[in-house]
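Peer 1: Sequence and predicted structure below; questions after.
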Amino acid sequence: MAERVLCQEMATPGGNHYRRPKSGTGSPNMVYANGGGSWRAAPRQQQRQQQQLQHHHHHHQKPTPHQSYNSPGAGGKGGLVRQEEQPLPDPTGAELLGLPATPRTIKQARNKSEEAINDLLVRIPYIGQLFDVHSRIGNGTFSTVLLGTLRRESHLPDSLRRKFAIKHHIPTSHPDRIMKELQCMTKMGGTENVVGIHCCLRCDASAAFVMPYMAHDRFHDFYTRMDVSEIRLYMRNLLVALRHVHKFDVIHRDVKPSNFLYNRRRREFLLVDFGLAQHVNPPVMGSSGTVASSAAYNNNNNSKRPRERETTEALQQSAPADAGLGGAVKRMRLHEESSKMPLKPVNDIAQSELQQPAVDGSNLGQQQPVQQQQQHQQAQAQMDQAASTASGSKYNTNRNASGAAANSAKCFCFANPSVCLNCLMKKEVHASRAGTPGYRPPEVLLKYPDQTTAVDVWAAGVIFLSIMSSVYPFFKAPNDFIALAEIVTIFGDQAIRKTALALERMITLSQRSRPLNLRKLCLRFRHRSVFADAKLLKSHESVDGKCEVCRNCDQYFFNCLCEDSEYLTEPLDAYECFPASAYDLLHRLLEINPHKRITADEALQHPFFTAAEEAEQAATDQDQVANGTPRKVRRQRYHNHKTVPATPEQLKQQVALDLQQSAINKL
Ligand SMILES: Nc1ncnc2c1ncn2[C@@H]1O[C@H](COP(=O)(O)OP(=O)(O)OP(=O)(O)O)[C@@H](O)[C@H]1O
């Protein structure tokens, strides 16, 4: 069963939520909570962003000498590290209400930074002999990243001292994991926007990577501010990094804004964090001598990390007292918890299958509480997985001979309270789900085992979608099933069904849902203050104060987002700010079927990039010949031309022409 999760409310910039429809019955399976949270949350994030910006400006105006080195954390802001580079703690309620940060907040951040520095220097004392460690610059699930400068350069002025990002791995990180990350960086890093490594220092169970430091801006601070040419630059550089990584048959697996650093002023980019990286199609263990080399890339523990991440969050909420211990206790508990967590016995799933009145979801027409629906959906999805394993070799892609023999054996599970012997002999399907929620592609959510570099391309598409729609994070589901439901809501059930079939996975959806139009979605969300305006609603209300709602997208009819809308909707053309090729690229990056998804290399040849390059080139050529209109003005004209509003038909035609033109140019 796929729950419909597109948010029904769109918030106004002032933070007032768009009013729920007064009339028109939404889908009975509609989920208002969580599923649409990310979309709804955007204005609050903007508000928060403004707060932080004010905060930044405040500090910009009052830099104190040496503060950047000596006052780490939110308060430390001097010439060396810009405020954006020192992530502030999440704003408090007071900050959200527009009140200045209390000294306690700054003190807390400083304490955390100091704790992180001490922890590093105690665990790896040699670091202290080589480096001055100034502040904490990043904090991830498996590491703390600190800013360091060489001691032997301490006599130099700040501006001449080289800066390093020192990534201190948590001591409980598996050595294989650290080794794998290290190998990725040494083999691929240092070029094409991919982070390199200077050295790795280890002392007992602790390890730290010393990497070149790159000052960067926070995604929150720029994703709504970029114009088309900057978006193009950003996406191009992201794809350049991915193309490079993918050349090595490596999937990064954790592509997200916080792992793709961007320095706006210097126009520099850096892809970091290979902690989840994985080699595509690792050879079967024990079959050849190549195993050892590729095993270094192959993260066997991959599937643990996201679960651990979720557990971390839960622990952070449940045990705030641990916060003062620098996370060490928390992390240890984390490992205890995860090792104790039992797997759900397949019998339970079979039981729950028996308890379901109808497997095809035909009984789900009546209204159910949201939570019940979610549980039902999860149970059904689990059932589907059990069924997929039980129903034979089709869904089991294990490749060894005995596995194959077991896979072809007949299954006797049906209507029995236990799993049959043949199924017990089958090998489990291992499909990694490593990655950050919100960036997992359909193939990961469908638990497809043969994942490829297309995983990263989807994540790049999600970033592009966030930028184009001004909604970050775009997807924010509490679990993989809701995540899949979010994708179904946007791309329609047919696309997912087809892909599931192509990937030999089974998915059961209780209802149909038509795809939404990505252009409408981006422009509507981008200009939400306009389309969520109460006056606009008023103008469309009937005399009795009611307004029809589209049953597919659950938006008021005049804001319908459906690809094939039957309503006369508010015109969007006046708000168009992207060329047609941008939407086309977005579609290709977010292709549901991983086998059809564009590659990073192909994406770089897309007209969204090439047409602009050609136009630039043409402008340069003309500059050399003519001395009439200045180049800047002409470039502006080009951009204006590219943003002329067009109908969907025109958009398609334009993309086709762009593609044709670039093919001709290549000849
Ligand atoms: N070379 C670098 N230069 C500057 N900042 C960096 C660098 N590498 C990492 N950082 C900062 O540290 C943060 C965390 O780094 P990284 O993603 O490698 O750690 P992690 O523990 O794997 O994090 P996560 O679990 O969030 O993925 C980054 O988001 C970035 O802000």
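Peer 2: Here it is on my side, so go on.

Peer 1: Looking at per-residue confidence, what score does Val530 get?
Peer 2: The per-residue pLDDT reported for Val530 equals 82.

Peer 1: Same check on His430?
Peer 2: The model reports His430 with a pLDDT of 86.

Peer 1: Can I get stretch 134-144 as PDB, trimmed to CA atoms?
Peer 2: The C-alpha trace of stretch 134-144 is given here as PDB (Å, rounded to 0.1, in the frame of the first residue of the first chain):
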ATOM      1  CA  HIS A 134      41.700  25.300  16.500                       C
ATOM      2  CA  SER A 135      38.100  24.400  16.300                       C
ATOM      3  CA  ARG A 136      35.600  21.800  15.300                       C
ATOM      4  CA  ILE A 137      34.300  22.400  11.800                       C
ATOM      5  CA  GLY A 138      32.000  19.400  11.300                       C
ATOM      6  CA  ASN A 139      30.400  16.700  13.200                       C
ATOM      7  CA  GLY A 140      29.200  13.500  11.500                       C
ATOM      8  CA  THR A 141      27.900  10.200  12.600                       C
ATOM      9  CA  PHE A 142      31.200   8.500  12.500                       C
ATOM     10  CA  SER A 143      33.700  11.300  12.900                       C
ATOM     11  CA  THR A 144      34.400  14.800  14.100                       C
END
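
Peer 1: buried residues in it?
Peer 2: By neighbour count, with 16 or more other Cβ atoms under 10 Å as the criterion, the buried positions of stretch 134-144 are His134, Ser135, Arg136, Ile137, Gly138, Gly140, Thr141, Phe142, Ser143, Thr144. Yep, even glycine has a C-beta here, placed from its N, CA and C like the rest.

Peer 1: What residues does the chain have near the ligand?
Peer 2: Residues of the chain found near the ligand, taking Cβ under 6 Å from any ligand atom as the criterion, are 137-138, 140-143, 145, 165, 167, 195, 211, 213-214, 254, 258-259, 261, 272-273, 275.

Peer 1: Spatially, which two of the buried residues of stretch 134-144 are the most separated?
Peer 2: Considering Cβ to Cβ, no two members of these lie farther apart than His134 and Thr141, which are separated by 22.9 Å.

Peer 1: one step back: mind listing which of the residues of the chain next to the ligand are in strands?
Peer 2: Among the residues of the chain next to the ligand, the members falling in strands (DSSP state E) are Ile137, Gly138, Ser143, Val145, Ala165, Lys167, Met211, Leu261.

Peer 1: Pick the one among those residues closest to the ligand.
Peer 2: Using Cβ to the nearest ligand atom, Gly138 is the member of these that sits closest to the ligand, with 2.0 Å.

Peer 1: quick one: that closest one from His216, how far?
Peer 2: With distances defined as Cβ to Cβ, to the nearest Å, the gap from Gly138 to His216 amounts to 10 Å.

Peer 1: swap in Ile124?
Peer 2: With Cβ to Cβ as the criterion, Ile124 and His216 are 25 Å apart.

Peer 1: Looking at these two, which one has more neighbours?
Peer 2: Under the neighbour definition other Cβ atoms under 10 Å, Ile124 and His216 were set side by side, and His216 has more, 22 against 19.

Peer 1: In the stretch 251-400 of the chain, which residue sits closest to the ligand?
Peer 2: With Cβ to the nearest ligand atom as the measure, the residue in the stretch 251-400 of the chain that lies nearest the ligand is Asp273; the distance is 3.3 Å.

Peer 1: residues contacting that residue?
Peer 2: Gly140, His252, Asp254, Asn259 (Cβ atoms under 8 Å, 6 or more residues apart in numbering).

Peer 1: between those, which has the most around it?
Peer 2: Among the contacts of Asp273, the one with the most neighbours (other Cβ under 10 Å) is His252, at 29 neighbours.

Peer 1: average pLDDT across stretch 609-620?
Peer 2: Within the predicted structure, the mean pLDDT of stretch 609-620 is 80.

Peer 1: go on, stretch 413-424?
Peer 2: Stretch 413-424 carries an average pLDDT of 90.

Peer 1: ditto for stretch 156-170
Peer 2: Looking at stretch 156-170 alone, the average pLDDT works out to 96.

Peer 1: cool, stretch 106-125 as well?
Peer 2: Along stretch 106-125, the predicted local confidence has a mean pLDDT of 90.

Peer 1: what's the answer for stretch 555-564, then?
Peer 2: When pLDDT is averaged over stretch 555-564, the result is 86.

Peer 1: which SS state does Ser432 fall under?
Peer 2: Ser432 falls in the coil class when you classify it by DSSP: H, G, I helix; E, B strand; the rest coil.

Peer 1: That one reaches Gln278, doesn't it?
Peer 2: Yes - with contact defined as Cβ atoms under 8 Å, Ser432 and Gln278 form a contacting pair (6.4 Å).

Peer 1: part of a helix, is Asp621?
Peer 2: Yes - counting by three-state DSSP, one finds Asp621 located in a helix.

Peer 1: Could you report the neighbour count for it?
Peer 2: If you count neighbours by other Cβ under 10 Å, Asp621 ends up with 10.

Peer 1: how close does it get to the ligand?
Peer 2: Distance check for Asp621 against the ligand: by Cβ to the nearest ligand atom, to the nearest Å, it reads 38 Å.

Peer 1: Likewise for Ser135?
Peer 2: Per Cβ to the nearest ligand atom, Ser135 is found 11 Å from the ligand.

Peer 1: per-residue confidence for that residue?
Peer 2: At Ser135, the predicted lDDT confidence score is 95.

Peer 1: In three-state terms, label it for me.
Peer 2: Taken by three-state DSSP, the conformation at Ser135 corresponds to strand.

Peer 1: Verify the stated contact: it with Asn111.
Peer 2: No - under the criterion of Cβ under 8 Å, Ser135 lies out of contact with Asn111, with a separation of 11.9 Å.

Peer 1: Show me what stretch 456-466 is in contact with.
Peer 2: By Cβ under 8 Å, 6+ apart, the surrounding residues in contact with stretch 456-466 are 223, 231, 235, 238-239, 242, 245-246, 251-253, 255-257, 260, 435, 438-442, 471-475, 518, 522, 585-586, 589-590, 594, 597-600, 603.

Peer 1: go with 7 Å
Peer 2: Stretch 456-466 is contacted by residues 223, 235, 238-239, 242, 251-252, 255-257, 438-439, 441, 472-475, 586, 589-590, 597-600 when judged by Cβ atoms under 7 Å, 6 or more residues apart in numbering.

Peer 1: Which of these fall in strands?
Peer 2: In strands, defined here by DSSP E, the members of these are Ile251.

Peer 1: Check the stretch 401-550 of the chain for the residue nearest the ligand and tell me.
Peer 2: Per Cβ to the nearest ligand atom, the residue of the stretch 401-550 of the chain with the smallest distance to the ligand is Thr436, at 7.1 Å.

Peer 1: ok so that residue is a helix residue?
Peer 2: No - the assignment for Thr436 by three-state DSSP gives coil, which leaves it out of any helix.
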